[in-house]
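Undergrad: just a sequence and a predicted model for now, questions to come.
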Amino acid sequence: MPFSIVNETKTALPRADFAAIARFILGMKYTLNLVVTDSTRIKKLNTIYRDKETATDILSFPLSETEGEIYISPVEARQEAKKFKRDYENFFVFLFIHGCVHLKGYDHGAIMERTEEKARLKFGI
């Protein structure tokens with residue numbers, strides 16, 4: 001599976017096998033880019049593509065049936081982790097799982113939650 005991480009911030013990423021998680025959820029033929037970005041850029045993307053003028057912790061963009069991108073803002077993820085009383089690193093990886101499941105084609109609901117839970121259990125998240 002082609003997988004790349006572009007870290008546009010100076011934030012250290014959590015220790016996780018992001019490629020293995022992506023393969024587990026999306027399969028071997030999927031091409032995925034993870035972009036770690038700042039609040040300004042993710043707010044701009046959220047405004048352009050979702051018409052929401054706020055920064056968010058994660059955005060996922062399917063580019064085709066076999067290719068996509070996930071954007072995560074560490075600053076926003078850290079704030080959200082606190083709201084849920086979760087460890088930041090664990091929450092960051094959870095967000096990645098959540099983005100992959102969206103790219104798989106699921107919307108919020110019971111099936112998405114079950115799919116996320118399978119991945120969380122497999123990878124200890």
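TA: Perfect, thanks for sending it. Numbers count the residues shown, from 1 in each chain.
Undergrad: in the host helix or strand of K122, what's buried?
TA: K122 is part of helix 110-123 when elements are defined by DSSP states H and E. Neighbour counts over helix 110-123 (16 or more other C-beta atoms under 10 Å) mark 112, 115-116, 119-120, 123 as buried. Glycine gets a C-beta too; all of them are placed from N, C-alpha and C.
Undergrad: which other residues reach that helix?
TA: Here helix 110-123 makes contact (C-beta atoms under 8 Å, 6 or more residues apart in numbering) with 16-17, 20-21, 24-25, 93-94, 97-98, 100-102, 104, 106, 125.
Undergrad: now with 6 Å, please.
TA: The contact list for helix 110-123 (C-beta atoms under 6 Å, 6 or more residues apart in numbering) reads 21, 24-25, 97, 101, 106.
Undergrad: only C-alpha atoms, please: export it in CSV.
TA: C-alpha atoms of helix 110-123 as CSV (Å, rounded to 0.1, in the frame of the first residue of the first chain):
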residue,chain,number,x,y,z
ALA,A,110,-23.4,2.1,14.3
ILE,A,111,-21.5,0.4,11.3
MET,A,112,-18.8,3.0,11.4
GLU,A,113,-18.4,2.7,15.2
ARG,A,114,-18.1,-1.1,14.9
THR,A,115,-15.5,-0.8,12.1
GLU,A,116,-13.5,1.7,14.2
GLU,A,117,-13.7,-0.6,17.2
LYS,A,118,-12.3,-3.5,15.3
ALA,A,119,-9.3,-1.4,14.3
ARG,A,120,-8.9,0.1,17.8
LEU,A,121,-8.9,-3.3,19.4
LYS,A,122,-6.4,-4.7,16.8
PHE,A,123,-4.0,-1.8,17.3
